[in-house]
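> Pasting the sequence and the predicted model now:
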Amino acid sequence: MLSVTIHEAGYNKNNLYVRDVQFEVNQGEIVGLTGSNGAGKSTAIKTILGVMGEFKGEVTYPDGYKISYIPEEPILYEHLTLWEHLEFAAASHHMPESAWKENAYRLLETFQLRNVTNQLPIHFSKGMKQKTLIVLGAMVKPDIYIIDEPFIGLDPIATKNLISLLVSERNDGAAILMSTHVLDSAEKLCDRFILMAQGTVITQGDMKTITSYANKPEGTSLLDCFYEILESSHD
Amino acid sequence: MIKARSLFLTRLRLHYKHLWGTIRSVVDWIVVLYILAPALAIFTAYYRSLWSDTPEYLAQLPIEVVLLIIFLSSFLYDLKSFVHNGDQLFLVPNKAILKRGSILGLFYTTFMVLIFTSVMMVTFLPVFIIGHGFSTMGIIGLGGYVLLWNMVFVMVRKVLKINGVSLVYTLLTYSLLLLSYLSLWKVYLSLSLEGMCLALLFLAILLFVLIYKQAIFRGRKFFSFVAYDGAANHKWTKLLLWQNGQAKLVTLKPSKKVVLLKKPLFKNRSPHNVLSETFLKTVIRDGGMVLTLIQLCVLLTVFLVIVDSVWLGLFLWGFSLFAFVSIAKSLWMYFRSSSYFKMYRWREKDLNLSSKKSILFICVPFMTFITIVFTLVYLSPVWLIVTLGSLVAFGYVYTYRVVI
């Protein structure tokens, strides 16, 4: 569904940090994009979204498919209420009210935001802002999710609700690319993993492939595999 | 060990670098070549000609209005300390640096207000000297008076801002502004008892604000207030240096954020209408932007009235239209440049329709006001009806034929 080929990408010609990245995200699967800090995960995501200054490669997905991006940093308008943000997101996708309102109410209820819809999200706590962005991303029922560090700042209930939401969306056929450092959640949730270091993909595949690449016995946790692979790549 | 002066100069350099980048992003060489440079050349030539070939209208310009323009234009400057949020954490062990940096910021602000006041005084010099026969000492005294009140206001505004923006404080600020202008006018021009009473009333309110809020002139707390970063209005806990010199986490009173225009502006919830509504609400709810637009409108209207010539008035009307359309366009571009906006992919058609509609909604109220004043002052009531009728017709055609 989402096919990504990045020959090189960066903020400008002198800073082309991400190179030789190639992967696909298929319908009905969750792909975890992991790697240490500065590995190039966020740059790769921004490249997919088409906001990087320099990019050579190709990002393709079927015509008319809806993409939702849930950023790591809370990005919101200072002077718009939560409900106005929802309307803005729906209008950008040309969705009539009947197509998004019910879903929005359900998500607001799930993430305990129903009673603050007329307030300005800029005054919310970090966790509430993150939940706002999740609701904004999910309410339009996208075909492709691109999520950057979704668990940061969320309380345990919201984390559980998010996991349920992503599983449900996957079962409904959505393709989900999720960048994360929370490896225990990722291990339970993701079907495949892409491991990045120094701006490029080191390895990718399901848990079995990752374990084998790390030369670890079956049943080893993703965190241990991750550590082993990065340590050996430094050597 | 970092020194306050080098830290301040680094911040100052960064500030101007950023300012230059901002100017370059909105003003290209075409604007400079075809608008700014000719306008500057024409103004310089005209200014020089005023001294050799004095026009009659210089003596007819109401001095009260000229004083108001000078007073308002230099009133707009804000206190800049260049102390960043992070400094309040990292410079806590180095209180001397924070204090010295704040003092440098105070000097810098005084210098900038002095520059602004001087530019305005020089611009209106022909009016003072040729038109109204002011002496050199009189002009210096007037400049000093305006500068002094501006510095007082810079501090008062800062204190009020720290205490949270509310209707009471806003009204208080503008009452003080009005009183100080009236006392300037009365005391400076006629030295009447009425003027002295106004000045005393001004001082009484000022003292009330300062004493009630225990705001300034109290040791280190004064410098903490100077160092307060207005951009961090949303963070209600601030690490401030307290009077005993120790760091203390202070909870500032949060302002009650009133959300204006909660109801939808358009019944038809088409995508471009939602986009226009989002833009208009962000502009209207940003009080500072609306205030700036109102101030510009008042300033242009005052100019329109005092030029006392239908052709110059017509030229100013055209200039006002150009100014408001340009500002509305800049606001629209700023709105589009936000990170949140970039998260969504809007269709080109929606963007075009919405930009036209948004610019129209920003410009029409101000241009209608300016047009009414223009027709009332220079033309006749019949013209007023014709002009307003044309505006309504234009608005109807533009809205329903072009936008919808």
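Received it, and whenever you're ready, just let me know what you need.
> what sits against the residue positioned nearest the centre of chain A?
Among the residues of chain A, the one closest to the centroid is A:Ile147, at 1.4 Å (C-alpha atoms, centre = their mean). Neighbour list for A:Ile147: A:69-70, A:137, A:176-179 [criterion: C-beta atoms under 8 Å, 6 or more residues apart in numbering or on different chains]. Bear in mind the C-beta positions are built from the backbone N, C-alpha and C, glycine included.
> going on from the host helix or strand of it, what's the next piece of helix or strand?
Using DSSP states H and E, A:Ile147 sits in strand A:144-148. Next in sequence after strand A:144-148, counting helices and strands by DSSP H and E, comes helix A:156-171.
> And for residue 149, the neighbour number?
Picking chain A for this. Counted with other C-beta atoms under 10 Å in any protein chain shown, the neighbours of A:Glu149 add up to 19.
> Hmm, no, I was thinking of chain B.
The burial count for B:Trp149: 22, using other C-beta under 10 Å.
> Is it in a helix, a strand, or coil?
helix (DSSP: H, G, I helix; E, B strand; the rest coil).
> That one: what's its closest spatial neighbour, skipping adjacent residues?
In this structure, B:Trp149 finds its nearest non-sequential neighbour in B:Ser180, 5.1 Å apart by C-beta to C-beta, 6 or more residues apart in numbering or on different chains.
> got the phi/psi numbers for the one you found?
In terms of degrees, to the nearest 10, the main-chain angles of B:Ser180 are phi -70, psi -40.
> how close does it get to chain A?
Counting by C-beta to the nearest C-beta, to the nearest Å, the gap from B:Ser180 to chain A is 31 Å.
> how deep is that residue tucked in, by neighbour count?
Neighbour tally, B:Ser180, other C-beta under 10 Å: 25.
> Check for me that A:Val4 belongs to a strand.
Yes. Counting by three-state DSSP, one finds A:Val4 located in a strand.
> Mind listing the residues bridging to it?
Note on A:Val4: beta-bridge partners A:Phe23, A:Val59, judged by DSSP bridges.
> so it touches A:Val18, yeah?
No. Assessed by C-beta atoms under 8 Å, A:Val4 is found out of contact with A:Val18, at 10.7 Å.
> Please identify which of those two sits among more neighbours.
The neighbour count for A:Val4 versus A:Val18, taken as other C-beta under 10 Å, is higher for A:Val18 (27 against 20).
> Enumerate the residues of the stretch 201-350 of chain B near chain A.
Contact residues (C-beta under 8 Å from any C-beta of the partner chain) of the stretch 201-350 of chain B with chain A: B:234, B:257, B:259, B:262, B:269-271, B:274-275, B:277-278, B:281-282, B:285-286, B:338-340, B:342-347, B:350.
> Give me the buried subset of the residues you listed.
Using 16 or more other C-beta atoms under 10 Å in any protein chain shown as the burial test, these include B:257, B:270-271, B:274-275, B:277-278, B:281-282, B:285, B:340, B:343-344, B:346, B:350 as buried.
> Which members of those residues are positioned in helices?
B:271, B:274-275, B:277-278, B:281-282, B:285, B:340, B:350 (DSSP state H).
> could you redo these as a markdown table and give each row pLDDT?
Listed next are those as a markdown table, based on pLDDT from 0 to 100:
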| residue | pLDDT |
| --- | --- |
| B:Pro271 | 90 |
| B:Val274 | 91 |
| B:Leu275 | 93 |
| B:Glu277 | 92 |
| B:Thr278 | 92 |
| B:Lys281 | 91 |
| B:Thr282 | 90 |
| B:Arg285 | 85 |
| B:Tyr340 | 83 |
| B:Asp350 | 90 |
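> Where does pLDDT dip in the stretch 201-350 of chain B?
Along the stretch 201-350 of chain B, the model assigns pLDDT under 70 to residues B:201-257.
> try 90 this time
Residues of the stretch 201-350 of chain B that meet the criterion pLDDT under 90 lie in B:201-270, B:283-323, B:325-327, B:329-331, B:333-348.
> if you go through it in chain order, where are the strands?
Applying DSSP state E, counting those that start in this stretch to the stretch 201-350 of chain B gives strands spanning B:237-241, B:247-251.
> Which of the helices and strands in chain A ranks last by mean pLDDT?
For chain A, counting by mean pLDDT, DSSP states H and E, helix A:222-234 ranks last in confidence among helices and strands (a mean of 83).
> how far does that one sit from the chain's center?
22 Å (C-alpha atoms, centre = their mean, to the nearest Å).
> Show me the helices in the stretch 51-200 of chain B, by range?
Secondary structure of the stretch 51-200 of chain B (DSSP state H, counting those that start in this stretch): helices at B:57-60, B:63-75, B:87-90, B:95-123, B:125-126, B:136-162, B:167-190, B:193-212.
> Could I get the phi/psi values of B:Ser270?
Backbone torsions for B:Ser270, taken as degrees, to the nearest 10, come to phi -70, psi 160.
> And for it, nearest residue in space, chain neighbours not counted?
Leaving aside its sequence neighbours, B:Ser270 sits nearest to A:Ala91 (C-beta to C-beta, 6+ apart; 7.9 Å).
> Quickly note the distance from that neighbour to B:Met120.
Between A:Ala91 and B:Met120 the computed distance is 45 Å (C-beta to C-beta, to the nearest Å).
> Comparing the two, which shows the higher neighbour count?
Between A:Ala91 and B:Met120, counted using other C-beta under 10 Å, the more crowded position is A:Ala91 (25 against 19).
> Touching, that one and B:Ser276? I think so.
No. Applying C-beta under 8 Å as the test, A:Ala91 and B:Ser276 come out as separate, 10.2 Å apart.
> shared neighbours of these two, anything?
Common neighbours of A:Ala91 and B:Ser276 (C-beta under 8 Å, 6+ apart) do not exist.
> export stretch B:301-315 as PDB, just CAs?
Only the C-alpha atoms of stretch B:301-315 are listed here, as PDB (Å, rounded to 0.1, in the frame of the first residue of the first chain):
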ATOM      1  CA  THR B 301      -8.100  57.800   9.200                       C
ATOM      2  CA  VAL B 302      -6.400  60.600  11.200                       C
ATOM      3  CA  PHE B 303      -4.100  61.200   8.300                       C
ATOM      4  CA  LEU B 304      -7.000  61.100   5.900                       C
ATOM      5  CA  VAL B 305      -8.700  63.800   7.900                       C
ATOM      6  CA  ILE B 306      -5.700  66.100   8.400                       C
ATOM      7  CA  VAL B 307      -4.400  66.100   4.800                       C
ATOM      8  CA  ASP B 308      -7.400  68.400   3.900                       C
ATOM      9  CA  SER B 309      -7.200  67.700   0.200                       C
ATOM     10  CA  VAL B 310      -9.500  65.400  -1.800                       C
ATOM     11  CA  TRP B 311      -6.800  64.100  -4.100                       C
ATOM     12  CA  LEU B 312      -4.400  63.400  -1.200                       C
ATOM     13  CA  GLY B 313      -7.300  61.800   0.600                       C
ATOM     14  CA  LEU B 314      -8.000  59.600  -2.500                       C
ATOM     15  CA  PHE B 315      -4.400  58.600  -2.600                       C
END
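> intersection of neighbour lists for A:Val4 and A:Val18?
Residues touching both A:Val4 and A:Val18 (C-beta under 8 Å, 6+ apart) are A:44, A:47.
> ok, back up a step: is the residue nearest to the centre of chain A bridged to anything, and to what?
Where A:Ile147 sits in a bridge, its partners, by DSSP bridges, are A:Ile70, A:Met178.
> How much space separates it from chain B?
Taking C-beta to the nearest C-beta, one finds A:Ile147 at 12 Å from chain B.
> Pull up the per-residue confidence for that residue.
With respect to pLDDT, A:Ile147 has a value of 92.
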